[in-house]
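Visitor: The amino acid sequence is not available; the structure is as follows:
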């Protein structure tokens, strides 16, 4: 154990010499600097100290990425802010295997250091000890496919909108229509948990009644991701409510809940955990700060999520395609011997993105959520669902959706209604 | 209930007309846009929809604060990014009083919206219903003073460093020296929770043995903030361990634990909760993104923290004094009829900042933590502690520490050793 390491890779920016800044970071997050105490040998210090593994210098900038950076004494004017990729090794013997402590160690106070005008955690390599402590995803891709009875293609889903104001009965009416239309997955909006107008228990009861009825008739049980996010005891109670009603998925707003809450749920969870990452933009949208998805998803997988949101290609949000592709790939790669998780593709999806998504990821093991793409299709929700399945058929066959739409009317209608061309963004 | 509102104030930046961007934000976080459903009247929509309350235009910029902003169709080139303060009202009837849902609502997906090149939550006004659900701080300032038996001056404390590598026995030796020296408060480092080399139970046992012994002799029990951060069940077990050993405070890394974990702890907590905000830099250091402290601290106070870290004036981190002063004032203001909490001042403090801290906040109801300022004082920890108390005496009497040090040798030594002059930072 004593030689095992947690490896963290950062993008840094600093007006200090790179080696000096790197040592500051390593020192801040391990031994501290104040004084020698009795019995503290060099060997002990060596064993427990965080170490600089590698510094790869990159470009530099004449303006700082973040405010508050300290001006080095005697630094040449104008200041130059040097960028680098930095790898730090934290001894497992110092940190232990608690998700909260590893978070405090590899992120924590680092972002406050005035030696840096930019600091971003890019990736993490964790020792196997973490997988021994945390069981990770319980259902993953095969468990999700089995529960929803969908094989050989992406799971097609939608979100109940409007996200607020609907009563349990109104929601159930929409669910009934979608189940009739052949949807695979429906999820609560993250804004809809247990509000006064749609109490959680009543909503589960109303929705599962129509889903169970539909399943008895058709043999296919729609996977409904109920948003159980709440205080800890209420979350656990909500989970039990879903299980008792015959539901097949629970959803959690992971950033508002926290790693310990999700790991706690995982301990006695009977269903796949649908990880909604709302709030993620705050942690990642600045290029100078925060966390990149490859590092982030590893922690949540250990905590036990089975599905994790990744946005989608050509999404309506800020995120560029390259970033989304990397996120999908990250979810689909095994981690510490634990199974892959289902990337949940959403945000402005309607099927038009299927070909490019498949071309770049070569995977159908995704959940593909479309709001308007299902609900606002000219032929109604059933045609919307069909159009998305057709788009994925085209994708897998390597055919453009334009060509495939010649013989598939729902896809053609969908192109006519939803294809607005690419969204132009400022990506600097 | 139906007319109560959650008011959220944002700083925004957008290339779109301000009214249009504001409506996008309000729509995204409430009704959505896809379709009318049966029974959805205008009145219902009106009741549940988030509303734009006020837009106060500010300056504009020719460069976007964040990447990924969408280019408005037909926008003049070069693009202008307009800034404003924006207030949005979310009906309580839509959101409910769960801390996780309110977080998903007032932050959540907003940061991902491509209509904005900057979005930052500045402040929150929550209805009283939240205080009815969450009891808030249990001990606050009077409870903390009573347990530590410190009145009429700030609580003076320190942190155990090096933060990793120490065994329970080595830690207890340091605690013993500090208790002898007359310290009021000692806290675990946030990196020290339950690592292999210092198992939590053994550490509590070793530390409380010397603290209890010292208390029997002197009548003064040092408040030790034990870092109980861990998985939910372990955190609760750690809490019980501290209570059984006669400890008087538990510390939690709030950002790694999450609001529901802290609210869960508060339900059965017998001790003040010391809220360590490591990770906070990630949420606030970019001026274009994240959360400002006035909003942040309101949520954690509802969850039940009694103490909350705020950095300190002239700190070693990135944060400017004005921001620290606002944070101290925020902690000291009552909220929703619940008591004030103790601002925890730290980061490069040694007493030299006491006069300015008091001049700007007029309060002694703070916890003042010094690492090197106590441990590396030329006269030893006791002199370090004395020097800090002297600095606060000078502050309250309105005397400069230079003048006060003429008759107070510990303070003079402290100035000679620690006064390095102000740290120069780039604040753009």
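Guide: Received the coordinates, thanks. Keep in mind that this is a model prediction, so the values were computed, not measured.
Visitor: Number of residues surrounding the residue nearest to residue A:233 when sequence neighbours are not counted?
Guide: Excluding the flanking residues, the one nearest residue A:233 by C-beta to C-beta, 6 or more residues apart in numbering or on different chains is residue B:264, at 7.1 Å. For the C-beta atoms, the positions are set from N, CA and C on the backbone; glycine is no exception. When counting by other C-beta atoms under 10 Å in any protein chain shown, one arrives at 25 neighbours for residue B:264.
Visitor: quick one: the strand or helix carrying residue B:264 to chain centroid distance?
Guide: Residue B:264 belongs to helix B:259-267 when assigned by DSSP states H and E. Relative to the centre of its chain, helix B:259-267 is centred 16 Å away, using C-alpha atoms, centre = their mean, to the nearest Å.
Visitor: List the contacts of stretch A:175-189.
Guide: If you take C-beta atoms under 8 Å, 6 or more residues apart in numbering or on different chains as the criterion, stretch A:175-189 is touched by A:148, A:150, A:155-161, A:163-164, A:207, A:210-211, A:214, A:218, A:220, A:222-227, A:249, A:251, A:274, A:276, A:367, A:369, A:374, A:380-382, A:384-386, B:32.
Visitor: switch to 7 Å and redo it
Guide: A:148, A:150, A:155-161, A:163, A:207, A:210-211, A:214, A:222-227, A:251, A:274, A:367, A:369, A:381-382, A:385 (C-beta atoms under 7 Å, 6 or more residues apart in numbering or on different chains).
Visitor: Same check on stretch A:42-60?
Guide: A:2, A:7, A:18-19, A:22-23, A:26, A:29-31, A:80-91, A:93-94, B:164-165.
Visitor: Mark which of these are part of strands, please.
Guide: Under the assignment DSSP state E, the contacts of stretch A:42-60 contribute A:7, A:81-91 to strands.
Visitor: Buried residues of stretch A:241-250, list them for me.
Guide: A:241-242, A:245, A:247-250 (16 or more other C-beta atoms under 10 Å in any protein chain shown).
Visitor: Mind checking the pLDDT average for it?
Guide: The predicted model assigns stretch A:241-250 a mean pLDDT of 98.
Visitor: check whether that stretch contacts chain B.
Guide: No. Using C-beta under 7 Å from any C-beta of the partner chain, stretch A:241-250 stays clear of chain B, with a minimum separation of 13.5 Å.
Visitor: Using ChimeraX, define a selection of the buried residues within the contacts of stretch A:42-60.
Guide: Applying 16+ other C-beta under 10 Å to the contacts of stretch A:42-60, the buried members can be selected in ChimeraX as follows:
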select /A:7,18,22,23,26,29,30,31,81,82,83,84,86,87,88,89,90,91,93,94 /B:164,165
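Visitor: What about the one residue in the stretch 151-300 of chain A that gets nearest to chain B, how many residues nearby?
Guide: Closest residue of the stretch 151-300 of chain A to chain B, C-beta to the nearest C-beta: residue A:258 (1.9 Å). Close neighbours of residue A:258, defined as other C-beta under 10 Å, add up to 27.
Visitor: Same question for residue A:380.
Guide: For residue A:380, using other C-beta under 10 Å, the count is 16.
Visitor: quick one: contacts for it?
Guide: Counting by C-beta under 7 Å, 6+ apart, residue A:380 has no contacts.
Visitor: For it, give its distance to residue A:399.
Guide: 25 Å (C-beta to C-beta, to the nearest Å).
Visitor: Same check on residue A:254?
Guide: From residue A:254 to residue A:399 the distance is 37 Å (C-beta to C-beta).
Visitor: And the closest residue to chain B within the stretch 301-428 of chain A, how far from residue B:110?
Guide: Residue nearest to chain B within the stretch 301-428 of chain A: residue A:318 (2.7 Å; C-beta to the nearest C-beta). Applying C-beta to C-beta, one obtains 11 Å for the distance of residue A:318 from residue B:110.
Visitor: what's the answer for residue A:106, then?
Guide: 26 Å.
Visitor: repeat for residue A:309
Guide: From residue A:309 to residue B:110 the distance is 15 Å (C-beta to C-beta).
Visitor: try residue A:233
Guide: Taken as C-beta to C-beta, the span from residue A:233 to residue B:110 is 28 Å.
Visitor: So which of the two has more stuff around it?
Guide: residue B:110 (26 against 12).
Visitor: Just say helix, strand or coil for the more buried one.
Guide: helix (DSSP: H, G, I helix; E, B strand; the rest coil).
Visitor: Return the residues in contact with the residue lying closest to it once chain neighbours are set aside.
Guide: Computed as C-beta to C-beta, 6+ apart, the closest residue to residue B:110 that is not its neighbour in sequence is residue B:119, at 5.7 Å. When contacts are counted by C-beta under 7 Å, 6+ apart, residue B:119 touches B:10, B:12, B:110-111, B:289.
Visitor: where does the stretch 301-428 of chain A come near chain B, residue by residue?
Guide: So the stretch 301-428 of chain A meets chain B at A:316-320, A:371-372, A:375-376, A:423-428 (C-beta under 7 Å from any C-beta).
Visitor: Of the residues you listed - the most surrounded one?
Guide: Busiest of these [other C-beta under 10 Å] is residue A:318, holding 27 neighbours.
Visitor: still on that earlier bit, surely the residue of the stretch 151-300 of chain A closest to chain B meets residue B:257?
Guide: Yes. Here residue A:258 reaches residue B:257: they are 5.6 Å apart, a contact under C-beta atoms under 7 Å.
Visitor: gap between residue A:133 and residue A:327?
Guide: 25 Å.
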